[in-house]
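J.: sequence and predicted model, in that order:
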Amino acid sequence: MQVRVNDPLHRYLGESGYGITGGVGQPFVRVYRSGKICFLPQLNCPYVRYPYVTLYAFGNGGWSSEVGT
């Protein structure tokens, strides 16, 4: 879902989650962040989406990512 700034049909309601796991002595670091987007705020948000991104960084210099709603 792509939401434009000043889009009257969508409203960003802020961050809904964040987390980090792994790190020193572990094989990878995982960082997760999600937000909350309301569709049709004029109708009291009948549809809400929670887009997220998850990033993984590995000790060998590699990385991967996931995104979704």
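T.: Yep, it's here.
J.: and the helix or strand that Ile37 is a member of, which residues are buried?
T.: Assigned by DSSP states H and E, Ile37 belongs to strand 28-39. Within strand 28-39, the residues that qualify as buried are Val29, Arg30, Ser34, Gly35, Lys36, Ile37, Cys38, Phe39, counting by 16 or more other CB atoms under 10 Å. C-betas here are computed from N, CA, C, even on glycine.
J.: now stretch 48-57
T.: Result for stretch 48-57 [16+ other CB under 10 Å]: buried residues Arg49, Pro51, Tyr56, Ala57.
J.: can you tell me how far the second one is from Ser16?
T.: So that's Pro51. Counting by CB to CB, to the nearest Å, the separation of Pro51 from Ser16 is 9 Å.
J.: then the third one?
T.: In this view, Tyr56 and Ser16 are 20 Å apart by CB to CB.
J.: overlap in contacts, Pro51 and Ser16.
T.: Ser34, Gly35 (CB atoms under 8 Å, 6 or more residues apart in numbering).
J.: one step back: any chance of CSV for the buried residues of strand 28-39, columns pLDDT and distance to Glu66?
T.: Listed next are these as CSV, based on pLDDT from 0 to 100; distance: CB to CB, whole Å:
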residue, pLDDT, distance to Glu66
Val29, 95, 14
Arg30, 96, 10
Ser34, 94, 11
Gly35, 92, 15
Lys36, 92, 18
Ile37, 90, 18
Cys38, 92, 23
Phe39, 91, 23
